[in-house]
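> Give the three-dimensional model of this entry:
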Amino acid sequence: MAKKIPMRQCIGCGEMKNKNELMRVIKTPDGEIVLDRGGRQNGRGAYLCKKIECLRKARKNKALERSFKQSISEEIYESLEKEFDESE
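Numbering: from 1, shown residues only. Sure, this is the predicted structure:
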């Protein structure tokens, strides 16, 4: 039997992709929003394609706010954009 590949949906473009192709943004138990590079940190996760456009779309549509049920400051978005640039 073939091993099942975990699929996740990008909250920016809405495409379903292999979990390994996506970046995971998490809300930690202390309520901090960070990029989870390893995909193993504790917390509520949301997935984004590794393209900066998807992060911008998610920002425009307030997709992260909906995923984490809280408002997200400009500083958090800016630090996420910086981390995205570094990982590309």
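
> Can you name every helix or strand that the helix or strand containing residue 76 contacts?
In this assignment (DSSP states H and E), residue 76 forms part of helix 74-87. Where contact means 3 or more C-beta pairs under 8 Å, 6 or more residues apart in numbering; DSSP states H and E, helix 74-87 is packed against strand 22-27, strand 33-36, helix 52-60. Where you see a C-beta, it was placed from the backbone N, CA and C, and this is true even at glycine.

> Please tell me how far the closest residue to residue 49 other than its chain neighbours sits from residue 58.
Of all residues not flanking residue 49 in the chain, residue 10 sits nearest, at 4.6 Å (C-beta to C-beta, 6 or more residues apart in numbering). Using C-beta to C-beta, to the nearest Å, residue 10 is found at 8 Å from residue 58.

> ok, now residue 28?
Distance of residue 28 to residue 58, given as C-beta to C-beta: 18 Å.

> Then residue 44?
15 Å.

> Among those two, which residue is more densely surrounded?
residue 58 (26 against 13; other C-beta atoms under 10 Å).

> my guess is that one contacts residue 9, does it?
No: the pair residue 58 / residue 9 is not scored as a contact, 11.4 Å apart, by C-beta atoms under 8 Å.

> Compute the first-to-last residue distance for stretch 25-36.
End-to-end distance of stretch 25-36 (C-alpha to C-alpha, to the nearest Å): 6 Å.

> Just the buried positions in it, please.
Residues 25, 26, 27, 33, 34, 35, 36 are the ones in stretch 25-36 that count as buried (16 or more other C-beta atoms under 10 Å).
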